[in-house]
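> Sharing a model prediction with you, sequence too.
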Amino acid sequence: MRIVVSNEQEADLIRRFLNDGHEHSIMDLLKSEIAKYPDDQPELESEDFRILAEAVFWGGPTIEIDLKEEELRFEDDDWVTGKCIHCGTHTIGSANDEPLTYSGWKWLDSPETRAKWRCEECARRLCPACSEHLIENDEDDECKVCMGEEQQ
């Protein structure tokens, strides 16, 4: 059995999922959860759980990376949060309307990105010359540091 993903971040996610599934006997938990509803017709027989547990969690499938594979995507981004480094505003969601990918989430959640996190207003006022400081008013083209009016 093999699982094909589009990048290393997704391969790592699947590995961690399979490890947790094995460590916490997810197939046994699923089997016992289904048994709680005797009126429902289960899709899987008792032996099916055993063979799936062995194939998926004990031996584990081979995880392959294929760059042509579509990335995992999230339709909602309301769980993406951050704190603006300039004004301290807490933000929710991402700044664009595109679905968020898992690798995109990993980038957004990285310490490097969090160290540069900006709210939309501060991002709009970011100096195009240095990409570090904010422009004080809409009439200026650069921040005061770049214009030489202030020291860093």
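Thanks, I have it. Numbers count the residues shown, from 1 in each chain.
> And for stretch 91-109, what's in contact with it?
Contacting residues not belonging to stretch 91-109 are listed as 7, 9-10, 13, 71-75, 77-78, 80-84, 113, 117, 119-120, 123 [CB atoms under 8 Å, 6 or more residues apart in numbering]. (Each C-beta comes from the backbone N, C-alpha and C, glycine too.)
> filter the residues you listed to the buried ones?
7, 9-10, 13, 71-72, 77, 80, 82, 84, 117, 119 (16 or more other CB atoms under 10 Å).
> With distance to I65, secondary structure and pLDDT added, can I get those in JSON lines?
Formatted as JSON lines, these follow (distance: CB to CB, whole Å; DSSP: H, G, I helix; E, B strand; the rest coil; pLDDT from 0 to 100):
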{"residue": "N7", "distance to I65": "6", "secondary structure": "coil", "pLDDT": "96"}
{"residue": "Q9", "distance to I65": "10", "secondary structure": "helix", "pLDDT": "95"}
{"residue": "E10", "distance to I65": "8", "secondary structure": "helix", "pLDDT": "96"}
{"residue": "L13", "distance to I65": "12", "secondary structure": "helix", "pLDDT": "95"}
{"residue": "E71", "distance to I65": "11", "secondary structure": "coil", "pLDDT": "94"}
{"residue": "L72", "distance to I65": "13", "secondary structure": "coil", "pLDDT": "93"}
{"residue": "D77", "distance to I65": "25", "secondary structure": "coil", "pLDDT": "76"}
{"residue": "V80", "distance to I65": "25", "secondary structure": "coil", "pLDDT": "84"}
{"residue": "G82", "distance to I65": "29", "secondary structure": "strand", "pLDDT": "90"}
{"residue": "C84", "distance to I65": "35", "secondary structure": "coil", "pLDDT": "93"}
{"residue": "W117", "distance to I65": "29", "secondary structure": "coil", "pLDDT": "91"}
{"residue": "C119", "distance to I65": "35", "secondary structure": "coil", "pLDDT": "90"}
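> Helices of this protein, start to end?
Here the chain has its helices, by DSSP state H, at 8-23, 26-35, 46-52, 102-108, 111-114, 120-124.
> Work out which residue lies at the spatial centre of this structure.
With distances taken as CA atoms, centre = their mean, the residue of the chain nearest its centroid is W105 (2.9 Å).
> Which residues are in contact with E8?
I65.
> how far away is it from S103?
Distance from E8 to S103, counting by CB to CB, to the nearest Å: 9 Å.
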